[in-house]
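1. structure, please.
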Amino acid sequence: MDIRQFQDLMKTLFFERDVERGTMKTFTWFIEEVGELAHELRQLEAGKLESRKAIEQEFGDVLAWLCSLANLAGVDLETAAAAKYPDKCSKCGKNPCECEVS
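-> So this is what the prediction gives:
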């Protein structure tokens, strides 16, 4: 499944509920999922990750809520990502990126 197909699936499954909830409340849910992903990433970094499934589920949740937000905003994520990152870094213009790590 590509990004567009997944975004379309999220629209089919949740768009009516997302519209009812509204953009800012949907954004709040997205941020909550990002926080849960941050927790799992800290566990991974510390070598305390209890299961790969937990972190994979959090990545999936973040992507799903991002798609819901994009649907509410009328943004096609695949098109937006391809325009921003066609085949090179948007800052240094190289592939692979040669920007200084910060």
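2. which helix or strand in this protein has the lowest average pLDDT?
-> Every helix and strand of the chain was ranked by mean pLDDT, DSSP states H and E. The lowest is helix 77-84, at a mean of 94.
3. buried residues, it. List them.
-> For helix 77-84, a neighbour-count test (16 or more other Cβ atoms under 10 Å) marks residue 77 as buried. The way it works is simple: take the backbone N, C-alpha and C, and place the C-beta from them, glycine included.
4. need the CA coordinates for that helix. CSV is fine.
-> This file holds the C-alpha atoms of helix 77-84, laid out as CSV (Å, rounded to 0.1, in the frame of the first residue of the first chain):
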residue,chain,number,x,y,z
LEU,A,77,0.5,13.8,1.5
GLU,A,78,2.1,11.9,-1.4
THR,A,79,2.0,15.0,-3.6
ALA,A,80,3.1,17.3,-0.8
ALA,A,81,6.1,15.0,0.1
ALA,A,82,7.2,14.5,-3.5
ALA,A,83,7.1,18.3,-4.1
LYS,A,84,9.1,19.1,-1.0
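5. excluding chain neighbours, what is closest to the most centrally placed residue in the chain?
-> Centroid check for the chain by Cα atoms, centre = their mean gives residue 63 as the closest residue, at 3.5 Å. Spatial nearest neighbour of residue 63, chain neighbours left out: residue 6 (7.1 Å); criterion: Cβ to Cβ, 6 or more residues apart in numbering.
6. before we move on, what about residue 4?
-> Among residues not flanking residue 4 along the chain, residue 78 sits closest, at 4.4 Å (Cβ to Cβ, 6+ apart).
7. I'd say that neighbour and residue 6 touch.
-> No: if you go by Cβ atoms under 8 Å, residue 78 and residue 6 don't touch, sitting 9.3 Å apart.
8. which SSE is residue 30 in?
-> Taking DSSP states H and E as the definition, residue 30 sits inside helix 23-45.
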